[in-house]
Structures are given as structure tokens and as C-alpha cells.
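Visitor: coords please:
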Amino acid sequence: MEYNKLISITGFSGLFELLSSKNDGAVVKSLEDQSTKFVSSRLHQFSHLESIEIYTTDENVNLVDIFHAMKNAAKELPSEKDDKAIKDYFKEVYPTMDFERVYTSDMKKMVKWYHVINKHGIEVKLTNSENES
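Guide: Reported below is the predicted structural model:
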């Protein structure tokens, strides 16, 4: 499984692998329970993890940069239920994050997604075509 095939879908929790796309939706596979289903693009929006950017006090950074900072941090991942611990964690791991525009719920998603990505052994990297542009 490759990082560039991972998506988040509004209305669904967790991450999904994009298996194929169609005009009216996509066939996806859940990373949690490995179930495969069709999701309509009329009812849901799809976000490729590769295209997600995070607000910082400087220029926006790709989610990959945040994941790399999390990987290189010596700190243990906080509990997803403790809002203060999550904010403190990101203040230490990525201090230039704009904490006024990046909500705690977004940080919780990053922690959950990072955990899932590590659990499945997925290498976090941008595709070459995006690196060249």
C-alpha cells in the first residue's frame, strides 16, 4: 500500500485506500476493518492525504512534514482523548504550527492517522511528480 493512495472521506472515520475512482464516486478499502465499498461523491468529499496542507506561522506545510516531525520526535504519542496533551505534544513536535487556525480536532486526526499509517507500515512520502513541481 502506498501513501499516495490514502484518502480521508467526510462522514467516515479512519483512513481508506483508494482502489478505483469513477465519475460518481470511488471504490475504497478501509484500513481499519479491510472492508471494501463504493462511496458516492455526491454525498461525500474525498481528501488525498498527499494534498492536505497544515497552517504554520510561516508558509503552509504538507501533512508529510508533520508526520516526519512526529516520527523524529522522542515524545510518545498523546492519548486522543486528552485535548491539552495533544496541543502540548504538537507545540513541542512542530512549534511553528498555527494553533489558532489548526483546531484540536485536526490534531486528533493527525495523531489517529499517524498511528494507523505506522500500524500498516506505510512509508510516508510524496510521489515524485509532486516533488518535481
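
Visitor: counting by contacts, list what whichever helix in the chain runs longest packs against.
Guide: With secondary structure taken from DSSP state H, the chain has its longest helix at helix 104-119. Counting contacts by 3 or more Cβ pairs under 8 Å, 6 or more residues apart in numbering; DSSP states H and E, helix 104-119 packs against strand 6-9, helix 63-72, helix 83-93. The C-beta positions use only the backbone N, C-alpha and C, and glycine is treated the same way.

Visitor: let me have these in CSV, adding mean neighbour count as columns.
Guide: Output for these, formatted as CSV (neighbours: other Cβ atoms under 10 Å):
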stretch, mean neighbour count
strand 6-9, 20
helix 63-72, 17
helix 83-93, 16
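
Visitor: let me have these in a markdown table, adding mean pLDDT and distance to Val102 as columns.
Guide: Below are these laid out as a markdown table (pLDDT from 0 to 100; distance: least, Cβ to Cβ, whole Å):
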| stretch | mean pLDDT | distance to Val102 |
| --- | --- | --- |
| strand 6-9 | 96 | 16 |
| helix 63-72 | 95 | 10 |
| helix 83-93 | 94 | 8 |
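
Visitor: dump the ones you listed into a markdown table; add distance to Val27 as well.
Guide: Shown next, in a markdown table, are these (distance: least, Cβ to Cβ, whole Å):
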| stretch | distance to Val27 |
| --- | --- |
| strand 6-9 | 11 |
| helix 63-72 | 23 |
| helix 83-93 | 33 |
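
Visitor: between these, which gets nearest to Ala26?
Guide: Among the helices and strands packed on helix 104-119, strand 6-9 comes nearest to Ala26, with 7.8 Å by Cβ to Cβ.

Visitor: cool, thanks, signing off.
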